[in-house]
Structures are given as structure tokens and as C-alpha cells.
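Q: coords please:
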Amino acid sequence: MPALTTPFQTDGDIDEKSFQLNVERLLGSGASGVVAGGCTGEFWALSHDERKHLYHLAKEAVGDAGTLIVGTGAVTEDETVALTREAEEVGCDGALILPPYFVQLTDDEIFGHYAAVSDAVGIPILLYNIPGNAVNELTPPLVGRLAELERVVAIKESSGDWNNYYATYLEVHDRLRIFCGPSSIYGVPAVELGADGVIDCFPNMWVDALDLFHAPARGDQKRAGEVQALGCKLTDLCTTGGRTLYPATKAAMDMQGLPGGGNPRAPLLPLAGEPLKGLERGLAAHGLL
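A: Just a heads-up that it's a prediction; the model follows:
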């Protein structure tokens, strides 16, 4: 399930048409669903009203063609519940919820937050472990506790640490569905060892990234090895040389004439100068231009 970008118009508003065209393109290319309003979707730069509007736009575009997951995580319980209830009313299939961010929390405090949200909503919850962004980590033992909550059905494990990913898988794979986050780095081995799916931003700019799931799932080891190798190279391209992942993803989409790109929202800056030129050279070298 691709983690969707959120495109913006020159006046800063969400580009609704471009967003929905990207959804339709990805579903038509073999994605079984999409994730809207997550980290790739720059949720932190959206108002709560904009996040809710994005849920509606995504549902209109997805319809019954696939699974729709939306990011509803926020710092406070009340905000998270309000966003998650909106996702439920819209008809989304699940809510991707990261732990409260910025302030360092204990495991009991993190558990209490999820427990309160689980008790207040009726939609399935996907835990979201991304400590590089959220500060607070969902460790394998904590995920084991959270798996007992009524609404928790899955986890997106995006630590970027294979050992942590696999320890989480071993802890809860018999109780939760496990989705690999950084599939461009180790999605193929994750699927080969039992991951239920992958959620990654790279299909936005490289639709063959969907084969990070499909190829190992069908036992095509040759293809799986090829896409994993290229995924690692593209990860390096998009995160070095003065580039960060989300602006680089959007810039790559623009270079290829794909919907859903455009400028990121501040404080992120669009690529320019040598970082932009380096991205163009790298994409061309890898056959994506």
C-alpha cells in the first residue's frame, strides 16, 4: 500500500485533483490499497480540518477499489480520537496511529494513550512505530501489550532497524498483521519471512516498488532481488547530497510528469540547485527518466 504524498497548489492549498489522480494511478498499477495523510503525506503541516478533508478526498478516489488507511495520530488523546472518528465516519478501513510525539513518554503512558483511543473509536487501528520521527518507540514488548487492545489489528513497523522489525514480527505476528515500513531497504526479506504487506512512499515515484511485495509473494526471487537492489540505491539517492526523502519524492514525481508531486509545505523546502540536479542525474542513471 503506497504511502501517498499530499500535493499542494501554488497558493498552498491541497491540490485535490492531483491527489486523486495519483490514488487512481497507483490502484490501477497493482496497489491493493493506499495510506493517506501519513508521514509521506506531510500530516504535521496540515490543519486538523485539512487532514479530515484529505480523508474525504481519499475515500472518493479509492471507493471500493482497495483498502484505505489514513493517518490520525496526534499528540493529545482528544485530537487523536476526533481525527479517528472522522475517518470512521468517512468510511476509511483503518487508522494509522503513531504514539504522541515530541515529549518523551514511558511505556505506560504510551499504552494509556492507545487504550483510551481504542476505547473511544470503532475503526481498526494500525500501530505506527517510527521513532526517528515520533521520538517515542513502540518496542517489541510494548507492541505485545498493545496487541491486546480491542481495536488494534496491525502495525506498520518503520524503525528502519531490521532486528527491531523482526523482533516485533516474532512478538505479535500471530495476533496482528505486520506491515514493513522501509520496504525499499528490506521489504523483500520481510515479505519472504511472513510480512502481511508493505507501506512505503517509493511507489509514488517508482511504481515498480510495488514488486517489493508482489515479487517475493509470488516466489519470483530474481525479480525480488532486482527491485530490492534498486530500492536501496534509490533510498540512498533520495536521502544524501542535500536531499531528504519527502521533497525528493515530490521532485522525482514532477520530473516524470506524475500527479501528486509539487512543492512540499514549509518547513520543508523544494529541491533546488545541485541537490535537484543530482536527483535528476541519479534517476536517469537508474532508468527512471
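Q: Report the buried residues of stretch 35-47.
A: Going by neighbour count (16 or more other C-beta atoms under 10 Å), the buried part of stretch 35-47 is 35-43, 46. Where C-beta positions appear, they are placed from N, C-alpha and C, glycine not excepted.
Q: What about those, which are in strands?
A: Counted as lying in strands by DSSP state E, out of the buried residues of stretch 35-47, are 35-36.
Q: Now the two most distant members of the buried residues of stretch 35-47.
A: By the measure C-beta to C-beta, these have their two most distant members at Val35 and Leu46, which lie 14.6 Å apart.
Q: list the buried ones in the longest helix along the chain?
A: Among the elements of type helix in the chain, defined by DSSP state H, the one spanning the most residues is helix 221-238. Applying a neighbour-count criterion of 16+ other C-beta under 10 Å, one finds 223-224, 227-228, 230-231, 234-235, 237-238 buried in helix 221-238.
Q: any chance of those residues in TSV, with distance to Val62 and pLDDT too?
A: Conversion of the buried residues of helix 221-238 to TSV gives the following (distance: C-beta to C-beta, whole Å; pLDDT from 0 to 100):
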residue	distance to Val62	pLDDT
Arg223	27	98
Ala224	27	98
Val227	25	98
Gln228	28	98
Leu230	27	98
Gly231	25	98
Leu234	26	98
Thr235	27	98
Leu237	30	98
Cys238	26	98
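Q: Just name the closest of those to Ala74, please.
A: Within these, the smallest distance to Ala74 is 27.1 Å, found for Cys238 (C-beta to C-beta).
Q: these two touch, right, that closest one and Leu283?
A: No - at 9.6 Å, Cys238 and Leu283 do not qualify as touching, with contact defined as C-beta atoms under 8 Å.
Q: Do you know the pLDDT at Val172?
A: In the predicted model, Val172 carries a pLDDT score of 98.
Q: now it: how far from Thr139?
A: Using C-beta to C-beta, to the nearest Å, one gets 12 Å for the distance from Val172 to Thr139.
Q: Ok, Thr72 next?
A: With distances taken as C-beta to C-beta, Thr72 is found 22 Å from Thr139.
Q: Please identify which of the two sits among more neighbours.
A: Higher neighbour count among Thr72 and Thr139: Thr72, with 34 against 18, using other C-beta atoms under 10 Å.
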